[in-house]
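J.: structure of the sequence below:
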Amino acid sequence: MTETVKVTCHCGAVELRVTLSDGLNTARRCDCSFCRRRGGPAVTAPLDGVEIVRGEDKLSLYQWGTRTAQHYFCAVCGIYTHHRRRSDPNQYGINMGAIEGVNPRDHDPFLWVDGVHHPSDA
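T.: Predicted coordinates:
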């Protein structure tokens, strides 16, 4: 079931309208070196499911390693909003904690993905 949600950074400079692939049912956490430090669960959206409503000029991009994953965050407050996935570059991972009205704690426990042993790193 698809669902459209509002995603914002902490300061409100960035706002996204996101159509999720299967609501919050895709929530998961990753243990790669970046996600492990970031700590928040992500849900899935297709590439055409993310619309930047406000703050495109405030989004900063972070990449490393294979440079496949593209992690976006607000340059004003530092909150991660979404990323293009390394595991499937046809998807975005959306910061579950940045979805308006959603507290990730209410949806724990989460499925964990093994990002440490990712096939792209072999």
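J.: could you use CA atoms for every contact and neighbour count after this?
T.: Noted.
J.: return the helix or strand in the protein with minimum mean pLDDT.
T.: strand 111-113 (a mean of 78; mean pLDDT, DSSP states H and E).
J.: which helices and strands does it pack with?
T.: Secondary-structure packing of strand 111-113 (3 or more CA pairs under 8 Å, 6 or more residues apart in numbering; DSSP states H and E): strand 28-30.
J.: immediately after the strand it packs on, which helix or strand?
T.: helix 33-38 (DSSP states H and E).
J.: end to end, how far does stretch 10-18 reach?
T.: 17 Å (CA to CA, to the nearest Å).
J.: ignore the last one, stretch 49-69
T.: Start-to-end span of stretch 49-69 (CA to CA) is 17 Å.
J.: list the buried residues in that stretch.
T.: For stretch 49-69, burial by neighbour count (16 or more other CA atoms under 10 Å) applies to 49-50, 55, 59, 69.
J.: pull out the buried residues from stretch 97-105.
T.: Buried residues in stretch 97-105 (16+ other CA under 10 Å): 97-99, 104.
J.: okay if I get these as a markdown table plus pLDDT?
T.: Putting the buried residues of stretch 97-105 into a markdown table (pLDDT from 0 to 100) gives the following:
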| residue | pLDDT |
| --- | --- |
| 97 | 96 |
| 98 | 97 |
| 99 | 98 |
| 104 | 94 |
